[in-house]
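1. Here's a sequence, model it:
(chains A and B)
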Amino acid sequence: NAGVMQNPRHLVRRRGQEARLRCSPMKGHSHVYWYRQLPEEGLKFMVYLQKENIIDESGMPKERFSAEFPKEGPSILRIQQVVRGDSAAYFCASSPYLKETQYFGPGTRLLVL
Amino acid sequence: DQQVKQNSPSLSVQEGRISILNCDYTNSMFDYFLWYKKYPAEGPTFLISISSIKDKNEDGRFTVFLNKSAKHLSLHIVPSQPGDSAVYFCAATLGSGNTGKLIFGQGTTLQVKP
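-> Numbering: from 1, shown residues only, chains lettered A, B, ... in the order given. Just a heads-up that it's a prediction; the model follows:
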């Protein structure tokens, strides 16, 4: 059973460009969480999705950030018009049921120049 | 407002000895606690968890203790091995009605010396 997959592992963008981060949950997992880790900090919750639905986006910035988890395909975290402060590691986690243990992917390291 | 705190940024222990990592929390509504281990350039790996109805959970070399009155939990690793060297995060989640999002501490870097 493959683990949570994220791609790309590294992403470099210039200020003002768009960043798209992909997450494929573990097989059988329909709950996806996105977290962000800024340098020297812990992970911070951003958004929680189930298939085709955003359940909790309380940790996501109101502007420029969006997330989706379509019926088919991976979950996508999209950052429009990136700024240097968006440079961070973005982790996706999945679980089979609500409040079950979350299993994390390897992360996408975003660098904004 | 940091609801989950790991006040020790780093810890160094000798191989074979016990490692004790500590975590404090402020929200009494947390009902489930987890420890994750993280190597550089990798995602966090789940280690062990504990429900708020328990005060201890053990899995091999790892034991988690929960003191609800003190709002404190700790992870004991015994015996410590060089491969345990990593960043350890404690995390908590709220009770019923919550979406299961994890609230993390800042992490403690453990170094186990051979």
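2. Get me the contact residues on chain B for chain A.
-> Listed as neighbours of chain A in chain B under the rule C-beta under 8 Å from any C-beta of the partner chain: B:4, B:6, B:32, B:34, B:36, B:41-46, B:49, B:89, B:91, B:93, B:98-107. C-beta: built from backbone N, CA, C; applies to glycine.
3. Let's see that with 10 Å instead.
-> Contact residues (C-beta under 10 Å from any C-beta of the partner chain) of chain B with chain A: B:2, B:4-6, B:9, B:31-32, B:34, B:36, B:38, B:41-46, B:48-49, B:87, B:89-91, B:93-96, B:98-107.
4. and B:Gly83, helix, strand or coil?
-> helix (DSSP: H, G, I helix; E, B strand; the rest coil).
5. distance of it from A:Tyr35?
-> 25 Å (C-beta to C-beta, to the nearest Å).
6. the more surrounded of those two?
-> Set side by side, B:Gly83 and A:Tyr35 show more neighbours around A:Tyr35, with 26 against 9, by other C-beta atoms under 10 Å in any protein chain shown.
7. gap between the more buried one and B:Ser52?
-> A:Tyr35 is 22 Å from B:Ser52, where distance means C-beta to C-beta.
8. likewise A:Tyr33?
-> Remark: distance between A:Tyr33 and B:Ser52 (C-beta to C-beta) = 21 Å.
9. These two: who's more crowded?
-> Neighbours were counted for A:Tyr33 and for B:Ser52 using other C-beta under 10 Å; A:Tyr33 has more, 27 against 16.
10. Skipping adjacent residues, who's closest to the more buried one in space?
-> A:Ala93 (4.5 Å; C-beta to C-beta, 6 or more residues apart in numbering or on different chains).
11. residues in contact with the one you found?
-> Listed by C-beta atoms under 10 Å, 6 or more residues apart in numbering or on different chains, the contact set of A:Ala93 reads A:4, A:23, A:25-26, A:29, A:31-35, A:43, A:45, A:48, A:101-105, B:36, B:43-44, B:46, B:100-102.
12. excluding its backbone neighbours, what's nearest B:Glu42?
-> Nearest non-adjacent residue to B:Glu42, counting by C-beta to C-beta, 6+ apart: A:Pro106, 5.6 Å away.
13. now that neighbour, what's its secondary structure?
-> Judged by three-state DSSP, the three-state class of A:Pro106 is coil.
14. My guess is A:Pro70 contacts A:Lys51. True?
-> Yes - A:Pro70 sits in contact with A:Lys51 when judged by C-beta atoms under 10 Å, with a separation of 7.9 Å.
15. re earlier: and the residue nearest to A:Tyr33, how far from B:Leu102?
-> A:Ala93 sits 8 Å away from B:Leu102, going by C-beta to C-beta.
16. That's all I had, so thanks and see you.
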